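Asker: Give me a model of this one.
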Amino acid sequence: MNKLYVISGVTGMTGNELVHQILEKKADESHIIGFDNFYASSLETIENCLSDKRLEFYEYDINNAEQMSRIEDRVNEIKEGFEETVYINCAAVVHTEHFYHVHETFETNVLGMKSFLEQAIRAGAKKYINCSTSEVYSMNSWNENGGVKESDYITLADAEHSQRTSYAVGKLLTEFFMKDAVESGQILGCSIRFANVYSKNERYPKHIIPFIINSFREDGRVVLLENSRKNKRTFLHNYDSCSAVLALAGTESALDGSIYNVATDEEISIIDLAKLCAEKMGIREPVITFSGYRESDPERRLLSTEKIRERTNWKPVMDLDRGLDECIESYLAD
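Answerer: From the prediction side, this is the model:
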């Protein structure tokens with residue numbers, strides 16, 4: 001099937017890998033209209049794809065109404081040549097440092113998503129995939145029964161505890177927009193709550209894996225937050241996060257407006273993660289110190305992926321060992 005994909009945040013961790021997975025099917029006549037403002041990425045991530053005529057890239061901002069109007073005009077211009085149009089919203093202010101800054105996340109994560117969804121509906125798109133976040137689980141992000149499920153009730157830290165939850169609440173609101181659009185018959189779609197996503201193409205060492213690798217590379221030591229003495233996480237390679245997006249987009253029965261966890265079962269402590277990176281980098285006795293504290297940071301984040309596995313053929317294929325090897329090789333080559 002030849003599809004028209006319209007992807008926001010197309011050079012970011014999720015967006016750029018989507019481009020690669022879509023275009024790797026050489027016989028596929030699908031087409032991508034993608035845009036990004038390079039807030040947390042660069043054109044380098046899709047540079048090898050720019051010569052492919054199936055990709056149109058625009059340096060546009062999801063919050064710029066005039067630029068988004070041009071995207072909509074372009075979609076309307078060419079959509080009749082495709083069997084269906086699929087919008088995928090990857091645009092987000094995602095670095096942890098911004099979680100505590102209400103205004104920096106609201107415009108893109110909430111208003112941007114809403115306007116992009118409304119554009120998809122006006123353009124007659126058949127499907128919309130909303131990339132949400134496991135941050136939504138806030139203080140109830142794990143249990144002993146195989147991880148939290150999408151249907152579990154959420155315990156949120158509020159403004160009395162931390163501004164961090166503003167990011168989670170914003171993403172949570174987009175899930176309601178998605179559900180409403182589907183239930184009112186305007187479009188098919190779903191929301192995805194990703195675990196901690198990482199990528200060999202991430203060039204800004206603000207997430208924990210690139211931060212650890214770059215710290216060891218530059219200083220031979222790493223300074224972790226005090227939270228890291230206890231914290232554990234699961235890490236999701238962006239190959240797997242994107243294969244989940246495409247699996248859902250290709251499974252019409254799954255696009256009922258509901259939510260899907262996308263994660264792995266490989267839980268690791270942050271300290272052990274740092275030690276593993278050091279070992280892979282040939283550092284025998286890594287220096288790990290602790291400074292600073294992050295409010296309302298859950299000790300664990302363990303998600304059940306039973307729902308997406310039952311409704312699609314998706315499962316993760318990239319284990320952490322292989323993923324870290326990729327990241328280290330890529331970062332050290334710079």
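Asker: the bottom helix or strand of this structure by mean pLDDT?
Answerer: Across the helices and strands of the chain, mean confidence by mean pLDDT, DSSP states H and E is lowest for helix 102-106: a mean of 81.
Asker: ok, Asp36 - contacts?
Answerer: By CB atoms under 8 Å, 6 or more residues apart in numbering, Asp36 lies in contact with 8-12, 15, 57, 59-60, 91. In short, each C-beta sits where N, CA and C put it, glycine included.
Asker: now the helices for the protein?
Answerer: With DSSP state H as the criterion, the chain has helices at 13-23, 65-78, 102-106, 113-122, 165-183, 208-219, 238-249, 270-280, 306-311, 320-332.
Asker: for the stretch 101-250 of the chain, which spans come out with low pLDDT?
Answerer: Filtered on pLDDT under 70, the stretch 101-250 of the chain yields the residue ranges 203-205.
Asker: Leu246 contacts Leu18, doesn't it?
Answerer: Yes. Assessed by CB atoms under 8 Å, Leu246 is found in contact with Leu18 at 7.2 Å.
Asker: on that earlier part again, tell me which of the helices of the chain lies nearest to Leu225.
Answerer: helix 270-280 (8.3 Å; CB to CB).
Asker: can you give me the angle that closest one makes with helix 208-219?
Answerer: Here the directions of helix 270-280 and helix 208-219 differ by 50 degrees (axes from the mean of the first three to the mean of the last three CA atoms, to 10 degrees).
Asker: Tell me the buried residues in helix 270-280?
Answerer: Buried residues in helix 270-280, counted by 16 or more other CB atoms under 10 Å: 270-271, 273-278, 280.
Asker: what separates stretch 112-123 from the chain centre, distance-wise?
Answerer: Relative to its parent chain, stretch 112-123 has a centroid offset of 19 Å by CA atoms, centre = their mean, to the nearest Å.
Asker: who's in contact with it?
Answerer: With contact meaning CB under 8 Å, 6+ apart, stretch 112-123 is reached by 6, 8, 62-63, 65, 68, 71-72, 75-76, 79, 85, 87, 89, 91, 128, 130, 174, 177-178, 181, 186-187.
Asker: gap between Arg70 and Asn16?
Answerer: 22 Å (CB to CB, to the nearest Å).
Asker: Neighbour count for these two, which is higher?
Answerer: Asn16 (29 against 13; other CB atoms under 10 Å).
Asker: nearest spatial neighbour of the more buried one, skipping sequence neighbours?
Answerer: Counting by CB to CB, 6 or more residues apart in numbering, Asn16 lies nearest to Thr45, which is 3.8 Å off, once chain neighbours are set aside.
Asker: Tell me how many other residues surround the one you found.
Answerer: 22.
Asker: For it, give me its contacts.
Answerer: 11-12, 16, 201, 203 are the contacts of Thr45 under CB under 8 Å, 6+ apart.
Asker: Going by neighbour count, which of the contacts of Asp36 comes out on top?
Answerer: Among the contacts of Asp36, the one with the most neighbours (other CB under 10 Å) is Val10, at 30 neighbours.
Asker: Thought Gly147 was touching Leu302, still the case?
Answerer: Yes. With contact defined as CB under 8 Å, Leu302 counts as touching Gly147 (4.2 Å).
Asker: Find the residues that touch each one of these two.
Answerer: By CB under 8 Å, 6+ apart, Leu302 and Gly147 have these common neighbours: Ala263.
Asker: So what's the residue count around Leu50?
Answerer: 11.
Asker: now do Gln119
Answerer: Neighbour number of Gln119 under other CB under 10 Å is 19.
Asker: Same check on Leu156?
Answerer: 15.
Asker: what residues are up against it?
Answerer: 138-139, 165, 168-169.
Asker: before we move on, what about Val75?
Answerer: Counted by CB under 8 Å, 6+ apart, Val75 has contacts 4, 6, 33, 85, 119, 123, 125.
Asker: go with 10 Å
Answerer: Contacts for Val75 (CB atoms under 10 Å, 6 or more residues apart in numbering) come out as 4, 6, 33, 82, 85, 87, 119-120, 122-125.
Asker: What sits closest to Lys126 if chain neighbours are left out?
Answerer: Glu84 (4.3 Å).
Asker: On the strand side of things, show who that neighbour bridges to.
Answerer: Counting by DSSP bridges, Glu84 forms beta bridges with Lys3.
Asker: Now do the contacts for Glu175.
Answerer: 113, 130, 132-133, 136, 150, 190-193, 257-259 are the contacts of Glu175 under CB under 10 Å, 6+ apart.
Asker: CSV please, covering those and showing distance to Leu225 and neighbour count.
Answerer: Output for the contacts of Glu175, formatted as CSV (distance: CB to CB, whole Å; neighbours: other CB atoms under 10 Å):
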residue, distance to Leu225, neighbour count
Met113, 29, 27
Asn130, 30, 24
Ser132, 24, 27
Thr133, 19, 24
Val136, 21, 25
Glu150, 28, 19
Cys190, 33, 26
Ser191, 29, 27
Ile192, 27, 22
Arg193, 23, 22
Gly257, 36, 21
Ser258, 34, 17
Ile259, 29, 20
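Asker: Am I right that Glu56 is in contact with Arg70?
Answerer: No. Between Glu56 and Arg70 there is no contact under CB atoms under 10 Å: 11.2 Å.
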